[in-house]
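**Student:** Output the structure for:
(one chain, ligands or ions: 1)
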Amino acid sequence: MKILVLNSGSSSQKASLYDFTDPLPPSPTAALWDGQVEWQGDRVVLQTRNSTGAILNALTRGQARVLSSLSELDVVGHRIVNGGQELTQPTAITREVKTAIRSMSPLAPLHNRAELDGIEIIEKRMGDVLQVAVFDTGFHSGLPEAAAVYPGPYEWLRQGIRRYGFHGINHQYCAERAAQLLAKDPAALKLVTCHLGNGCSLAAIQGGRSVDTTMGFTPLEGLMMGTRSGSVDPGILTYLLRQGHTGQDLDEILNAKSGLLGISGLSADMRMVVSAMQEGNARAKLAFEVFIHRLRSGIAAMAATLSGMDALVFTAGIGENSAEVRAAACSNFAFLGLAIDPAKNLTSGSDRDIATTHSAIRVLVIHAQEDWAIARECWKLSLAAKAATQKHYNEP
Ligand code: ADP
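**Tutor:** Residues are numbered from 1 along each chain as shown. Model (predicted):
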């Protein structure tokens, strides 16, 4: 079954093509093809529109083509950043689902618009191919109320101002993969998963369910990130508004001029920050230290919600690749009996356990597999749709 996964970011569009055969292997298989289109500046919408078209053209044209025609695709899966409270489970895209995604647009304007464009371009080019939406908020939709509700006026809740949480597709995947690596029943595990990429978030996962997470109403809450501030005192925002800044200024400052880039003044990329720090750059050192301080506090908060932690999981660009970040984050948890093996921490490659044999808490490094996880949901829904059609035909 050929499955195309479209993953629209706020500044790039990624696509992967998978060819799944029955039965599905328990761990991820490599994509047949990966593509990425980036766009910048003011021409976001136009470029977004072009990019899905460009991805479709690349699949069927030129020397690197992987399909002789788009009709070979069985399913197209989309990562949808915010499905709100209504859209939580992977679902076949219908007119109603599109309307519901559109209604969430005010909460994730750049993302939802790019995602809807992608869906509509596929409809135009491929007619009624099965399209599936998988929601990045879905895994967190069962957060206990105490974790989901903001302590503002109760009215906020009625307006949909609550904590949604993001990166759910990968947090969920990591929880499953962790159980597999540890050879444990997911129902018996307490996990803290650290998704540290350009965007960073933590999840507290008990028995395979998300019970707390650091991102909230938007992906701006929580940890310090590449260019995003994470949580700051909301009083800073009202202060800056009184100083004459506009809402748009604040959006720009908090999303694009803060985090590692804002503090270091050098780069949003952890590799650059660490190497500048090692060369003695004081602001790079400060950026690293603030990042680690907030990461440690966040991990402790998640562990407190879980009242324990069987394993700490590192995933995504920084989590998978930065031995410095993992070592620094873990060093303050020796009091819980957590110990990483310095030699194992320096290894790279496949999913692995980097804790010492005596560590009271396992420490896992798991390669983020968002697109594969989306493709797997497409596969499940496609099989269910086929079974339903078969049943219909077989009925007397
Ligand atoms: P996204 O959140 O956009 O999917 P990734 O998960 O690919 O991003 O993470 C990208 C980030 O990972 C980069 O900005 C960089 O900070 C970090 N990164 C990638 N490789 C390394 C490395 N070897 N050491 C430290 N950080 C790294």
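
**Student:** Which strand or helix spans residue 120?
**Tutor:** Using DSSP states H and E, residue 120 falls within helix 109-126.

**Student:** Just the closest residue of the protein to the ligand, please.
**Tutor:** Closest contact between the chain and the ligand, by Cβ to the nearest ligand atom, is at residue 317 (2.1 Å). For glycine as for every other residue, the C-beta is placed from the backbone atoms N, C-alpha and C.

**Student:** which ones are touching that residue?
**Tutor:** Residues in contact with residue 317, defined by Cβ atoms under 8 Å, 6 or more residues apart in numbering, are 196-198, 270.

**Student:** Give me the pLDDT value at the closest residue to residue 188 other than its chain neighbours.
**Tutor:** Distance criterion Cβ to Cβ, 6 or more residues apart in numbering; nearest residue to residue 188, sequence neighbours excluded, is residue 207 at 7.3 Å. As predicted, residue 207 sits at a pLDDT of 97.

**Student:** wait, isn't residue 207 in contact with residue 187?
**Tutor:** Yes: using Cβ atoms under 8 Å, residue 207 is in contact with residue 187, at 4.7 Å.

**Student:** Could you chop the protein up by domain?
**Tutor:** Following automatic domain parsing, one finds the domains of the chain at 2-135, 184-365.

**Student:** By mean pLDDT, show me the worst of the ones you listed.
**Tutor:** Here the lowest mean pLDDT among the domains of the chain goes to domain 2-135, at a mean of 83.

**Student:** For that one, what is the distance to the chain centroid?
**Tutor:** With Cα atoms, centre = their mean, to the nearest Å as the basis, domain 2-135 stands 15 Å off its chain's centre.

**Student:** measure it end to end?
**Tutor:** For domain 2-135, the separation between the terminal residues is 21 Å (Cα to Cα, to the nearest Å).

**Student:** Kindly report the same for stretch 174-190.
**Tutor:** In stretch 174-190, first residue to last residue: 12 Å (Cα to Cα).

**Student:** now do stretch 202-212
**Tutor:** Distance between the boundary residues of stretch 202-212 (Cα to Cα) amounts to 8 Å.

**Student:** Kindly tell me how buried residue 196 is, as a neighbour count.
**Tutor:** By other Cβ atoms under 10 Å, the residues close to residue 196 number 27.

**Student:** Near the ligand, which residues of the chain are found?
**Tutor:** Contact residues, the chain versus the ligand (Cβ under 6 Å from any ligand atom): 197-199, 226, 268-271, 316-318, 321-322, 368.

**Student:** By neighbour count, which of those residues wins?
**Tutor:** Most neighbours among the residues of the chain next to the ligand, by other Cβ under 10 Å: residue 318, with 27 neighbours.

**Student:** Among residue 207 and residue 187, which residue is more densely surrounded?
**Tutor:** Each of residue 207 and residue 187 has its neighbours counted (other Cβ under 10 Å); residue 207 has more, 13 against 10.

**Student:** need the contact list for the closest residue to residue 210 other than its chain neighbours.
**Tutor:** Among residues not flanking residue 210 along the chain, residue 140 sits closest, at 4.7 Å (Cβ to Cβ, 6+ apart). Taking Cβ under 8 Å, 6+ apart, we find residue 140 in contact with 163-166, 168, 171, 203, 210, 213.

**Student:** before we move on, the earlier item: for residue 309, see how far away the residue nearest to residue 188 is.
**Tutor:** 14 Å (Cβ to Cβ, to the nearest Å).

**Student:** which residue ranges form the helices in the stretch 151-300 of the chain?
**Tutor:** 155-158, 168-182, 234-242, 247-256, 259-264, 270-278, 282-306 (DSSP state H, counting those that start in this stretch).

**Student:** Can you tell me what sits against the second one?
**Tutor:** Which is helix 168-182. Contacts for helix 168-182 (Cβ under 8 Å, 6+ apart): 26-27, 79, 134-140, 185-186, 189, 191, 193, 195, 201, 203, 205, 208, 210, 213, 310-311, 313, 315-316, 351-353, 362, 364, 366, 368-370, 372-374.

**Student:** Of the residues you listed, which belong to strands?
**Tutor:** Members of the contacts of helix 168-182 lying in strands (criterion: DSSP state E): 79, 134-135, 191, 193, 195, 201, 203, 205, 210, 213, 311, 313, 315, 352-353, 362, 364, 366.

**Student:** List only those of the contacts of helix 168-182 flagged as buried.
**Tutor:** Among the contacts of helix 168-182, the ones that count as buried by 16 or more other Cβ atoms under 10 Å are 79, 134-140, 186, 189, 191, 193, 195, 201, 203, 205, 208, 210, 213, 310-311, 313, 315-316, 351-353, 362, 364, 366, 368-370, 372-374.

**Student:** For residue 99, I want the exact helix or strand it lies within.
**Tutor:** Assigned by DSSP H and E, residue 99 falls within helix 95-103.

**Student:** other SSEs contacting that helix?
**Tutor:** Packed against helix 95-103, as judged by 3 or more Cβ pairs under 8 Å, 6 or more residues apart in numbering; DSSP states H and E, are the following elements: helix 109-126.
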